[in-house]
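Student: Sequence and predicted structure, then a few things I'm wondering about:
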Amino acid sequence: MAEKKQLSYLIDVAISKEEEAYNFYMNLYNRSSDAKIKDTLKFLASEEVKHKEFLMSYKKGSFVGSLGMDTVIDYKIAEHIEKPALEKNVNSQDVYLVAAHKELNSYNFYKSLSDAQP
């Protein structure tokens, strides 16, 4: 029973992180005037909504099946280029770098969760 409560708590933490990421991307969206950047940020925010919906479905027990992974090419950009400070008007390079760092942090969070599970 304690294990189930811990998993439920961890899923709640993950849901909260997805909400934070959505708000982060939408905040950048609202600060940008570049249409291409706005499209990218809207896409990233929508992905965070999908992640949250998946986690909520999983928590309710309504997720059936297995998790699949597409082939991912990781160029390790976030590991080699420092996260930029965001100014009032953000440019596309900064948006992509910030997003890469944000996704790296998410990856590390979920990786640590999976490492903690038997």
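Tutor: Right, received. Where do you want to start?

Student: So, low pLDDT: which residues of the chain?
Tutor: 1-4, 64-90, 116-118 (pLDDT under 70).

Student: let's see 80
Tutor: 1-7, 63-94, 113-118 (pLDDT under 80).

Student: ranges for the helices of it?
Tutor: 2-31, 35-60, 77-80, 92-116 (DSSP state H).

Student: For those, could you give me JSON lines that also reports mean neighbour count?
Tutor: In this view, the C-beta of every residue, glycine as well, is placed from N, C-alpha and C. What follows is the helices of the chain, written out as JSON lines (neighbours: other C-beta atoms under 10 Å):
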{"stretch": "helix 2-31", "mean neighbour count": "15"}
{"stretch": "helix 35-60", "mean neighbour count": "15"}
{"stretch": "helix 77-80", "mean neighbour count": "13"}
{"stretch": "helix 92-116", "mean neighbour count": "15"}
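
Student: quick one: contacts of stretch 19-35?
Tutor: Contact with stretch 19-35 is made by 37-38, 41-42, 44-45, 48-49, 51-52, 86, 88-92, 95, 98-99, 102, 106, as judged by C-beta atoms under 8 Å, 6 or more residues apart in numbering.

Student: Now with 6 Å, please.
Tutor: 38, 41, 42, 44, 45, 48, 90 (C-beta atoms under 6 Å, 6 or more residues apart in numbering).

Student: Nearest to residue 7, out of those: which one, please.
Tutor: Nearest to residue 7 out of these is residue 48 (C-beta to C-beta; 21.1 Å).

Student: which one is the closest one nearest to, not counting chain neighbours?
Tutor: On the basis of C-beta to C-beta, 6 or more residues apart in numbering, the spatially nearest residue to residue 48 that is not a chain neighbour turns out to be residue 22, at 4.0 Å.

Student: Would you quantify the distance from that neighbour to residue 40?
Tutor: Here residue 22 is placed at a distance of 14 Å from residue 40 (C-beta to C-beta, to the nearest Å).

Student: likewise residue 8?
Tutor: 33 Å.

Student: check contacts around residue 50.
Tutor: So residue 50 contacts nothing (C-beta under 6 Å, 6+ apart).

Student: meant to ask about residue 14, not that
Tutor: With C-beta under 6 Å, 6+ apart, residue 14 has these contacts: residue 55.
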